[in-house]
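[1] Predicted model, plus sequence, below.
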Amino acid sequence: MDDQASSSPGPLPTGLPVPVVRLDPDLPLPGYAHPGDAGADLHTTVDVVLAPGERALVPTGIALALPEGYVGLVHPRSGLAARHGVSIVNTPGTVDAGYRGEVKVLLVNLDPREPVELRRGERIAQLVVQRVERAAFVEVDALPDSARGTGGYGSTGT
Ligand SMILES: O=c1ccn([C@H]2C[C@H](O)[C@@H](COP(=O)(O)OP(=O)(O)OP(=O)(O)O)O2)c(=O)[nH]1
Ligand SMILES: [Mg+2]
């Protein structure tokens, strides 16, 4: 059992306190690899093999209670993307503050030829916790003018 699993966990880490339950106590909490990293790595609790083009909803073994006014965004890891073409179908996944279920990652193998094998405990994605506003949508008859107006989808050229 590692330090994080012991009954006296030691000093709390710095940052926004986020209660986490480990549904799989043998795997670590989400972890930042370096000070200053935006994403805390999430681990797969299962071995996964993805054929080219295949997707799978992969459990991470953690459940969170994000504070109101925050969101967890599940981003791909660039190393897995560059080496194996592994991404996330719904990137970035949205973990709502009120969600208490297991965080899962909808991985996809975008490599056209090679299958990819991910082993239990490997880091498969990263969770970016951000403040988020709740909008109050107010219906109006006309919108205020803006410099962009209705231009979009490449309206500014290449
Ligand atoms: O990558 C993800 C995306 C979502 N979720 C969980 C947390 C989130 O709060 C919940 C719902 O996600 P979302 O709102 O994106 O999915 P939905 O299709 O709109 O489902 P629902 O009707 O439950 O809102 O599923 C994850 O664990 N991982
Ligand atoms: Mg939803």
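    It's in. Ligands and ions are numbered 1, 2, ... in the order given.
[2] residue at max distance from the center of this protein?
    Asp141 (37.6 Å; Cα atoms, centre = their mean).
[3] My guess is Val86 contacts Val116. True?
    Yes. Between Val86 and Val116 there is a contact under Cβ atoms under 8 Å: 5.7 Å. In short, each C-beta sits where N, CA and C put it, glycine included.
[4] where's the residue nearest to Val89 when sequence neighbours are not counted, which helix or strand?
    Excluding its sequence neighbours, the residue lying closest to Val89 (Cβ to Cβ, 6 or more residues apart in numbering) is Leu106, at 4.4 Å. For Leu106, the element it lies in under DSSP states H and E is strand 102-109.
[5] between Val86 and Val116, what contacts are shared?
    Leu50, Asn109 (Cβ atoms under 8 Å, 6 or more residues apart in numbering).
[6] list the contacts for the residue nearest to Val89?
    Here Leu106 is in contact with Arg55, Ala56, Leu57, Val58, Ile88, Val89, Asn90, Gly93 (Cβ under 8 Å, 6+ apart).
[7] Tell me the predicted confidence for whatever residue of the chain ends up closest to ligand 1.
    Closest contact between the chain and ligand 1, by Cβ to the nearest ligand atom, is at Gly93 (2.0 Å). At Gly93, the model reports a pLDDT of 98.
[8] does it really touch Val105, like I thought?
    Yes. Contact criterion Cβ under 8 Å: Gly93 and Val105 qualify, at 6.8 Å.
[9] Tell me which of the two has more neighbours.
    The neighbour count for Gly93 versus Val105, taken as other Cβ atoms under 10 Å, is higher for Val105 (25 against 18).
[10] nearest spatial neighbour of the residue nearest the centre of the chain, skipping sequence neighbours?
    Central residue of the chain (Cα atoms, centre = their mean): Val74, 1.5 Å from the mean position. Nearest residue to Val74 in three dimensions, chain neighbours excluded: Gly93, at 3.3 Å (Cβ to Cβ, 6+ apart).
[11] So which residues of the protein form strands?
    Counting by DSSP state E, the segments of the chain that form strands are 20-22, 39-43, 48-50, 55-64, 70-75, 86-88, 93-95, 102-109, 116-118, 123-131.
[12] Fine by me, we can end here.
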